[in-house]
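J.: curious how this folds, go ahead:
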Amino acid sequence: MNFKAYPLQFYPILKERIWGGEKLKTFLHKPIVSNITGESWEISTVNNDVSVISNGEYLGKNLNQLLDLYPKEILGTQIYTKFGKQFPLLFKFLDAKLDLSIQVHPNDELAKRRHNSFGKTEMWYVMQADQDAKIIVGFKENSNQQDYIQNLENKTLLNILDTKTVKQGDVFFLETGTIHAIGAGTVIAEIQQTSDITYRVYDFERKDAEGKERELHTDLALEAINYNKVETQKIYSTIENESNKVVDCPFFTTNFIPLNGKMIFQKNENYFRVYMCVDGDFEIICNDVKSKYQKGDSILIPAAMGTFFMTGKASVLEIYIS
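T.: Predicted coordinates for the structure are as follows:
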């Protein structure tokens, strides 16, 4: 049976978190039922969290089922050659009502050896930030394992970590090994490798609803951390109706599109694309079929889908692997 190529959307996979809130509903129109909802997994093939298609011909099928039947048509010849039938990226929206734990992610080599998983290189696009909202990204100055352990034991870790005040439109690129935490009062669009491996190193001694502190992964983190100061913030152009390069790394490329009017997209069958609407609304037109999207929507464009148009007034993240 031939694959029918059209823009794929998915039901959000909603996650309660100790630090979550209600902005995924009030700001991004997600159907949350809890006032501590921290994450909406938009496109995922993580074990036990595989996205289910919410529109069109393949309504009700999950992404892995479709990849099993049509891997090249969805992923593209280039991505299929590299990853087989694995979908290599994970897309999320996060609402941090409270501070997230301070954490770090392993690289591919370490994650493969310990967990048979990809590592977790990721980027954040700040969709909304309360006044004076902050994030933690890396060390203030070059550090080392001994200094890190001493500060961790003395509960002075925050003294050596780099804290930045954020605003809408800020982008941060976190290579594996970068110690980090999303601060209270932010809504983030997150793009990352397909991995759910996180080493939590400090959680502000918080307790969950049952009075228990969450598990820490102190020893596992030691080998994963990059103790050198890193520059994480990305400065990028915002030229209207163009794909402005924001992040370009071996794991994904992200462009920022300030859409105002109409754009044409001509693509080959080498790779898929994902579009995350981070503000405004727009339409995608392909073969005279119109599909409408708004802030908070994520769309997977299969590799087999040809030329299409985008119209509207919106801010859109464009993600692919080149």
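J.: show me where the stretch 101-250 of the chain has strands.
T.: Using DSSP state E, counting those that start in this stretch, the strands of the stretch 101-250 of the chain run over 102-104, 122-129, 134-139, 161-165, 171-174, 180-182, 186-193, 199-202, 233-234, 244-248.
J.: how about those, which one is nearest Val274?
T.: Smallest distance to Val274 across the strands of the stretch 101-250 of the chain (CB to CB): 8.1 Å, for strand 186-193. From N, CA and C alone the C-beta is placed, and that goes for glycine too.
J.: picking that back up, between the strands of the stretch 101-250 of the chain, which gets nearest to Ser322?
T.: Checking the strands of the stretch 101-250 of the chain against Ser322 by CB to CB gives strand 244-248 as the closest, at 8.0 Å.
J.: could you list the buried residues of the helix or strand following the closest one?
T.: Counting by DSSP states H and E, the next helix or strand C-terminal to strand 244-248 is strand 253-265. The neighbour-count check on strand 253-265 (16 or more other CB atoms under 10 Å) flags 253-259, 263, 265 as buried.
J.: quick one: average pLDDT of stretch 232-245?
T.: Stretch 232-245 comes out with an average pLDDT of 98.
J.: and the contacts of that stretch?
T.: The set of residues external to stretch 232-245 that reach it, using CB atoms under 8 Å, 6 or more residues apart in numbering, is 123, 137-138, 164, 170-174, 178, 180, 246-247, 253, 255-263, 318.
J.: chain center to it: distance?
T.: Remark: stretch 232-245 is offset 17 Å from the chain centroid, using CA atoms, centre = their mean, to the nearest Å.
J.: then stretch 293-301?
T.: What separates the centre of stretch 293-301 from the centre of its chain is 13 Å, taken as CA atoms, centre = their mean.
J.: which of the residues in that stretch are buried?
T.: Residues of stretch 293-301 classed as buried: 293, 295-301 (neighbour count, 16+ other CB under 10 Å).
J.: narrow these to those in strands?
T.: With strands taken from DSSP state E, the overlap with the buried residues of stretch 293-301 comprises 293, 298-301.
J.: Val274 is in contact with Ile319, correct?
T.: Yes - assessed by CB atoms under 8 Å, Ile319 is found in contact with Val274 at 4.5 Å.
J.: list the residues that contact both of the two?
T.: Applying CB under 8 Å, 6+ apart, one finds that Ile319 and Val274 are jointly contacted by 89, 91.
J.: what's the spacing between Met123 and Asn35?
T.: Look at Met123 and Asn35: by CB to CB, to the nearest Å, they are 28 Å apart.
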